[in-house]
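A.B. asks: heads up, no residue letters with this:
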Ligand SMILES: Cc1cc2nc3c(=O)[nH]c(=O)nc-3n(C[C@H](O)[C@H](O)[C@H](O)COP(=O)(O)OP(=O)(O)OC[C@H]3O[C@@H](n4cnc5c(N)ncnc54)[C@H](O)[C@@H]3O)c2cc1C
C-alpha cells in the first residue's frame, strides 16, 4: 500500500475503508539468517537497511513488547548533526543526510521539520568551545552559524537574557537540525522492513543467547528457541542485561531520562532551544504542546518513569530561561532508560563471540542516529566490516583507551560524569 495525496483524498471520500495494516503479525520461524533483538528505532532501521541495501530477507526482529514502545516512542524528537569530535562528526552527518531523504524513501510522513537548533552559551570559554565545534561541523560539510547576543535576541526574543543563573551571551545555530515525529519513524521503518519480507515478531522476549564453540547459534525466547547464523543486540537501556545472556559485561550504565509536555498552545517556539548549563531544552510539537526535558537522573536505574527531584530541577531551569512558559500547564511526564557509555559515544561492533554483534551506547541522543545507525549496523551485519561512517564506534576502546570519543569532556569513565 503506497501513500499519496490522491490516495488520502480517495479514502477520505470513501469512508477510509481501504487502509490495510502496516505490517503482518507472523509466527516466528525455527531459524533465520539474522536475528535482531529489539524493535526500537535502531532495530527496525537495521532490519530495513538489511533488506533494502543488502537484499537480505531471511531476517527477524524480536521485540519483547510492541514495536516502538521503548525509547523510540519516548524521546523529545530532536534531530541534529552538531557533534565536534572525529568519529561522531562524520557519523551524525551521515545520519542527517539519510534523514533528509527519509520520507520519500519510506513513503511515510515522519513529520521532519528542519526548524533549526540553538545551543546557548553563557561565557567566553563556552563560546570558544562552540566556535571550535561549529568549525568542525562546517569542515564536515554541515551548517553552523555563531549568533551573538543581538543576533540571538532577534531569533528568540522571549528568553530572559539577563537571568541571574546563567546570563545568555549567544548561541551556536544549526539550521538543518530540528525535529521529527518519533512514533512515525518507528512505524515507517517497520512498514518498510515488513514489506521487504522481514518478520517483525512482537511479544517475543529474548531470554537467552545460545553460544557453542565460540559462535552464536540462536536465541531462547518467550515464544521458543530460534536458530540464527548472526544475532544483533539493539536493545538500548537493556543492553547490559541482554549482553549478559552471552556472558558479556558491557561498559554501559542504564539511567532514566525524563521529559514533559504541556497542553497545546498556539505556535510560540519555532525552533529548538538547548540550555545545557541549566539542564533544559525545549521545542514545540505540531500539536502545540511544549516538549521539554533536562539531564539524566544521576544514578543507575531501570525504572522507565520520572521522579520529583528531576521534575523540580527541569521546571526551575525552564522558568529561569523562559519565564513565559510558567503560564502553560504541564500535561504529562515520562521516562525512558538510557544506555550510557563512558565517553558518551556509541558502540557499533562485533563482539568476541562469532556472529554476535552489538549496537548500543546511544545515551540520550540516539533518536537522531536512527537512520545512520540502522544503515551502519546493517552494513556490519551483512559484510562483517564496519561502515566507514561508524568505523570508530569500537567496543575495545574502553579496554585499550585508544579512540575514546569524549564528546562532552565529561571523562571517559562512568563515575567521572
Ligand atoms: C525522555 C527522552 C528524551 C530523548 N530525547 C532525544 C532527542 O531529543 N534526540 C535524540 O536524538 N535522542 C533522544 N533520546 C534518546 C533516544 O530516544 C534513544 O537513544 C533511542 O531511541 C534508543 O534506541 P532505540 O530506539 O532502538 O531504543 P528502544 O526504542 O528503547 O528500543 C529497544 C527495544 O528493545 C526491546 N528489548 C529490550 N530487551 C529485550 C529483550 N530481552 N528481548 C526483546 N526485546 C527487548 C525493548 O522493548 C525496546 O523496544 C531521548 C530519550 C528519552 C527517554
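C.D. replies: Right, received. Where do you want to start? As the structure is a prediction and not an experimental result, all values here were calculated from the model.

A.B. asks: gap between residue 28 and residue 186?
C.D. replies: Residue 28 sits 20 Å away from residue 186, taking CB to CB, to the nearest Å as the criterion. (C-beta placed from N, C-alpha, C; glycine too.)

A.B. asks: swap that for residue 305, sorry
C.D. replies: For residue 305, the distance to residue 186 (CB to CB) stands at 21 Å.

A.B. asks: which one's more surrounded, those two?
C.D. replies: A count of neighbours by other CB atoms under 10 Å puts residue 186 above the other of residue 305 and residue 186, at 25 against 12.

A.B. asks: who are the contact partners of that one?
C.D. replies: Residues counted as contacts of residue 186 (CB atoms under 8 Å, 6 or more residues apart in numbering) are 39, 40, 41, 44, 67, 68, 72, 73.

A.B. asks: just checking, which of those residues belong to helices?
C.D. replies: Under the assignment DSSP state H, the contacts of residue 186 contribute 41, 44 to helices.

A.B. asks: report the lowest-confidence entry in the contacts of residue 186.
C.D. replies: By predicted confidence (pLDDT), the lowest-ranked of these is residue 68, with 91.

A.B. asks: name all residues that make contact with that residue.
C.D. replies: Contacts of residue 68 were listed using CB under 8 Å, 6+ apart, and they are 39, 40, 41, 44, 182, 183, 186, 187, 190.

A.B. asks: okay, now the nearest residue to residue 108 once chain neighbours are set aside: neighbour count?
C.D. replies: Nearest in space to residue 108, with sequence neighbours left out and distances taken as CB to CB, 6 or more residues apart in numbering, is residue 188 at 3.5 Å. The local packing count at residue 188 equals 24, with neighbours defined by other CB under 10 Å.

A.B. asks: and residue 188, helix, strand or coil?
C.D. replies: The three-state label given to residue 188 by DSSP: H, G, I helix; E, B strand; the rest coil is helix.

A.B. asks: repeat for the one 5 residues further on
C.D. replies: Using three-state DSSP, the structure places residue 193 in helix.

A.B. asks: list the contacts of it.
C.D. replies: 23, 44, 47, 48, 51, 61, 200.

A.B. asks: ditto for residue 159
C.D. replies: The contact partners of residue 159, by CB under 8 Å, 6+ apart, come to 120, 152, 153, 168, 273, 321, 322.

A.B. asks: return only those of the residues you listed found close to the ligand.
C.D. replies: Judged by CB under 6 Å from any ligand atom, the overlap between those and the neighbourhood of the ligand is nil.

A.B. asks: tell me which of those fall in helices.
C.D. replies: Residues of those located in helices (DSSP H): 152, 153, 321.

A.B. asks: not counting sequence-adjacent ones, nearest residue to the last one?
C.D. replies: If the residues on either side of it in the chain are set aside, residue 321 comes closest to residue 275, at 5.0 Å by CB to CB, 6+ apart.

A.B. asks: so what's the one you found bridging to?
C.D. replies: Assessed by DSSP bridges, residue 275 has beta-bridge partners residue 280.

A.B. asks: show the pLDDT at it.
C.D. replies: In this model, residue 275 is scored at 97, pLDDT.

A.B. asks: now swap in the one 10 residues further on and tell me
C.D. replies: Residue 285 is assigned 96 on the pLDDT scale.

A.B. asks: excluding chain neighbours, what is closest to it?
C.D. replies: Take residue 285 and drop its neighbours on the chain: the residue closest to it by CB to CB, 6+ apart is residue 291, 5.3 Å away.

A.B. asks: pretty sure that neighbour is in a helix, no?
C.D. replies: No - in this structure, residue 291 is strand, not part of a helix, as judged by three-state DSSP.

A.B. asks: surely it touches residue 259?
C.D. replies: Yes - in this structure, residue 291 is within contact of residue 259 by CB atoms under 8 Å, at 6.8 Å.

A.B. asks: return every residue with contacts to both of the two.
C.D. replies: The overlap between the contact sets of residue 291 and residue 259 (CB under 8 Å, 6+ apart) consists of residue 76.

A.B. asks: rewinding a little: save the contacts of residue 193 as a markdown table, and put in neighbour count, distance to the ligand and secondary structure too.
C.D. replies: As requested, the contacts of residue 193 are exported to a markdown table (neighbours: other CB atoms under 10 Å; distance: CB to the nearest ligand atom, whole Å; DSSP: H, G, I helix; E, B strand; the rest coil):
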| residue | neighbour count | distance to the ligand | secondary structure |
| --- | --- | --- | --- |
| 23 | 18 | 15 | coil |
| 44 | 33 | 8 | helix |
| 47 | 33 | 11 | helix |
| 48 | 27 | 13 | helix |
| 51 | 21 | 18 | helix |
| 61 | 30 | 9 | strand |
| 200 | 26 | 11 | strand |
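
A.B. asks: of these, which pair is most distant in space?
C.D. replies: Across the contacts of residue 193, the two members that end up farthest from each other (CB to CB) are 23 and 51, 12.8 Å apart.

A.B. asks: contact partners for the residue nearest to residue 285?
C.D. replies: When contacts are counted by CB under 8 Å, 6+ apart, residue 291 is found next to 76, 77, 259, 260, 261, 282, 283, 284, 285.

A.B. asks: mind putting those residues in JSON lines, distance to residue 246 and secondary structure included?
C.D. replies: Shown next, in JSON lines, are those (distance: CB to CB, whole Å; DSSP: H, G, I helix; E, B strand; the rest coil):
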{"residue": "76", "distance to residue 246": "32", "secondary structure": "coil"}
{"residue": "77", "distance to residue 246": "33", "secondary structure": "coil"}
{"residue": "259", "distance to residue 246": "32", "secondary structure": "strand"}
{"residue": "260", "distance to residue 246": "37", "secondary structure": "strand"}
{"residue": "261", "distance to residue 246": "38", "secondary structure": "strand"}
{"residue": "282", "distance to residue 246": "40", "secondary structure": "strand"}
{"residue": "283", "distance to residue 246": "39", "secondary structure": "strand"}
{"residue": "284", "distance to residue 246": "43", "secondary structure": "strand"}
{"residue": "285", "distance to residue 246": "39", "secondary structure": "coil"}
